[in-house]
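1. no sequence on hand, only this structure:
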């Protein structure tokens, strides 16, 4: 799980306290967390369907730009028009759900449901699909998004000493 230094960085990146101990699964070239794996049950027992959570402010800003320009709709249209893409997306949802569900304690109730970001089909959020890819998953949407937003080429750290770095600015 995240050590205290990572936890402070993650909390500064997302702008709030973590709701569960999370594991860093991807880092940027500066060594800071990009994606964390979140347990399927939060510390208070709330089911949480999103196994991979994007923390990197630069990636979040770039993906938000894609989403605000109709990126989710374009991916939905691609899924409707391309049977192989749709099949690969369905496989990603099933794989994501299975990976998350194996982490549930025996007898847990209620439990999270759905695949990537809690959705069983389609594309709910490009952030979740990208986080799945950066976390090691095979996700056709995340793979495309990765090609569009990387490299994550910050020249200075987004967080210093557990606080947002005022010298850092996002470059979507």
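-> Now that the structure is in, tell me what you want to look at. Because the structure is a prediction, the values reported are computed rather than measured.
2. next secondary structure element downstream of the helix ranked longest in the chain?
-> In the chain, with assignment by DSSP state H, the single longest helix is helix 83-101. Next helix or strand after helix 83-101 toward the C-terminus (DSSP states H and E): helix 126-134.
3. tell me who's in contact with residue 120.
-> By C-beta atoms under 8 Å, 6 or more residues apart in numbering, residue 120 lies in contact with 93, 97, 113, 114. To be clear about C-beta, it is placed using only N, CA and C from the backbone, and glycine gets the same treatment.
4. in this model residue 121 seems to touch the first one, though I could be wrong.
-> Read it as residue 93. Yes. Between residue 93 and residue 121 there is a contact under C-beta atoms under 8 Å: 6.7 Å.
5. looking at the two, which one has more neighbours?
-> residue 93 (21 against 13; other C-beta atoms under 10 Å).
6. mind checking how far residue 42 is from residue 48?
-> 5 Å (C-beta to C-beta, to the nearest Å).
7. which neighbours do those two share?
-> Here residue 42 and residue 48 share the contacting residues 19, 20, scored by C-beta under 8 Å, 6+ apart.
8. which stretches of the chain have low pLDDT?
-> Counting by pLDDT under 70, the chain shows low-confidence ranges at 170-172.
9. let me know the outermost residue of it.
-> Distance from the C-alpha centroid of the chain peaks at residue 107, with 26.7 Å (C-alpha atoms, centre = their mean).
10. for it, which residues are in contact?
-> For residue 107, counting by C-beta under 8 Å, 6+ apart, there are no contacting residues.
11. for the one 4 residues further on, same thing?
-> When the contact criterion is C-beta under 8 Å, 6+ apart, the partners of residue 111 are 40, 41, 47, 101, 104.
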